[in-house]
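Novice: Predicted model, plus sequence, below.
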Amino acid sequence: MSVIVRDLSKSFGHQTAVDHLGFSAKQGEILGFLGPNGAGKTTTMKMICGFLKLDGGSIEVCGMDVATQPIQSRARIGYLPENNPLYKDMYVREFLQFFGLLCKTARLSQRIDQLIEATGLGNEQDKLIGSLSKGYRQRVGLCQALINDPEVLILDEPTSGLDPNQLVGIRQLIRRIGREKTLIFSSHIMQEVQALCDRVIILSKGRLVADAPIAQLMHLRGSGLCIFVEFTQAVPDEFFAGISGITRLERLGISSFRLHCVAGADPRDAVFQKAATTMLSIRELREEKSSVEDVFNLLTSEQSDVGPV
C-alpha cells in the first residue's frame, strides 16, 4: 500500500476534526475522498502531507512514517490544494523551473517538457500565469504537484469552478495520471467522483462511514430495489394496492412513479400483469440504479442510522 492511515485523530480546541480514522490506498488506484463541509477531508489530506501534526494514530507514505520521517515522506507526495496557490506574476515555464529547483528534480528541463506536453500547456508555457484561464491554472498547479514525479498525488477539489470543456480536459488528465500513481481525489461534484474513482471513502463528522469500490457503493441505497414505472395515461395511486414488496410509493407525475421495494422483492412482473389485466399500457418499467450522490446523502444526513460499510 502506498498510503496507510491508522487510527488517525485531530482536534482543534474542543472540536474534533478527525476521529480515529483508518484507510489505505494503493498504486494505480483513484480514491475518492468525500464528505460534507467540516467532515475532516482537508484536515486529513494536510496531515498526510505533513502540514498538520497528528494528535493520535499514524500515517505511512510509501513505507515512510509521516511523523518520524517527514522529509522522506513529503518527497513522495504531490499536493494540489483547493485554492491552488500560484505566483501569477511568473511565466509558466519559469514557475515550474523554480519549483523544480526547490525539489531538486533530476533532468529538470526534460521533466518540464514532459509535463507541459502531458497537460496540454504547450501554447501557454511562455505566458504569465495571471493571464491564464482557471482551467489552465489548474493544469499549472498539477504540473507543480507532479514536478518531482511523486508516487502519491493528492488533489483537493481540482475541478472546482471549471466550465464543462475544462472539466473534460482535467478529468482525462486525472484518469491518465491515476493509472501509474496513487491518487487521492477530493470533490463535491458527485458526477466527477462517479466518473473517475475506483473506490470511495466517505467521511461524516470526522469518522469513516463508507469505504467501498464504486460498483459496491451503488447498491447501498436502502437494501431493496428502486423501480421506475411510467404509463401512457394517468394512473391513480390505488393501482399499486395489493402488489406485494412495495414499501413506499413516490409519485413523479400524473403517469409516472418510483417504487421503493423491500429487500429481495421485485414487483415488476406483478406491475406488468396488473397493467395488462386492467387495460393500461406501460411506456417504461426499469430498475433505478443508485448514484454516489444518493449514497452520500444517505450516509451523511443528520438522521442517518446506517453503519459503516
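Specialist: Looks like it came in fine. Given the structure is predicted, the values throughout are model-derived calculations rather than measurements.
Novice: Secondary structure element for the most centrally placed residue in the chain, which one?
Specialist: Nearest to the mean C-alpha position of the chain, by C-alpha atoms, centre = their mean, lies residue 32 at 3.3 Å. Here residue 32 sits within strand 30-34, counting by DSSP states H and E.
Novice: What's the first helix or strand after that strand?
Specialist: Scanning onward from strand 30-34 (DSSP H and E), the first element met is helix 41-48.
Novice: packing partners for that following helix?
Specialist: strand 3-12, strand 15-25, strand 30-34, strand 56-61, strand 152-156, strand 182-186 (3 or more C-beta pairs under 8 Å, 6 or more residues apart in numbering; DSSP states H and E). In short, each C-beta sits where N, CA and C put it, glycine included.
Novice: Could you pull up phi and psi at residue 192?
Specialist: phi -70, psi -40 (degrees, to the nearest 10).
Novice: Skipping adjacent residues, who's closest to it in space?
Specialist: residue 159 (5.6 Å; C-beta to C-beta, 6 or more residues apart in numbering).
Novice: now the longest helix seen in the chain: mean pLDDT?
Specialist: Criterion DSSP state H: the longest helix present in the chain is helix 164-178. For helix 164-178, the mean per-residue pLDDT is 82.
Novice: Give me the contact list for the strand holding residue 32.
Specialist: Residues outside strand 30-34 that contact it (C-beta atoms under 8 Å, 6 or more residues apart in numbering): 25, 41, 44-45, 174-175, 178, 182-187, 190, 193, 196-203, 214, 292, 296.
Novice: Can you select the buried ones among these for me in PyMOL?
Specialist: In PyMOL syntax, the buried subset of the contacts of strand 30-34 is picked out as below (16 or more other C-beta atoms under 10 Å):
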select buried, resi 25+41+44+45+174+178+182+183+184+185+186+187+190+193+196+197+198+199+200+201+202+203+214+292+296
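Novice: sorry, back to before: export the helices and strands packed on helix 41-48 as JSON lines, with columns for distance to residue 49 and mean pLDDT.
Specialist: Converted to JSON lines, the helices and strands packed on helix 41-48 look like this (distance: least, C-beta to C-beta, whole Å; pLDDT from 0 to 100):
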{"stretch": "strand 3-12", "distance to residue 49": "11", "mean pLDDT": "97"}
{"stretch": "strand 15-25", "distance to residue 49": "14", "mean pLDDT": "96"}
{"stretch": "strand 30-34", "distance to residue 49": "13", "mean pLDDT": "93"}
{"stretch": "strand 56-61", "distance to residue 49": "9", "mean pLDDT": "97"}
{"stretch": "strand 152-156", "distance to residue 49": "6", "mean pLDDT": "94"}
{"stretch": "strand 182-186", "distance to residue 49": "10", "mean pLDDT": "93"}
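Novice: JSON lines for those, including distance to residue 123?
Specialist: Listed next are those as JSON lines, based on distance: least, C-beta to C-beta, whole Å:
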{"stretch": "strand 3-12", "distance to residue 123": "35"}
{"stretch": "strand 15-25", "distance to residue 123": "34"}
{"stretch": "strand 30-34", "distance to residue 123": "28"}
{"stretch": "strand 56-61", "distance to residue 123": "35"}
{"stretch": "strand 152-156", "distance to residue 123": "24"}
{"stretch": "strand 182-186", "distance to residue 123": "26"}
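Novice: can you pull out the strands in this structure?
Specialist: 3-12, 15-25, 30-34, 56-61, 64-65, 77-80, 152-156, 182-186, 199-204, 207-213, 226-231, 246-251, 256-261, 282-287 (DSSP state E).
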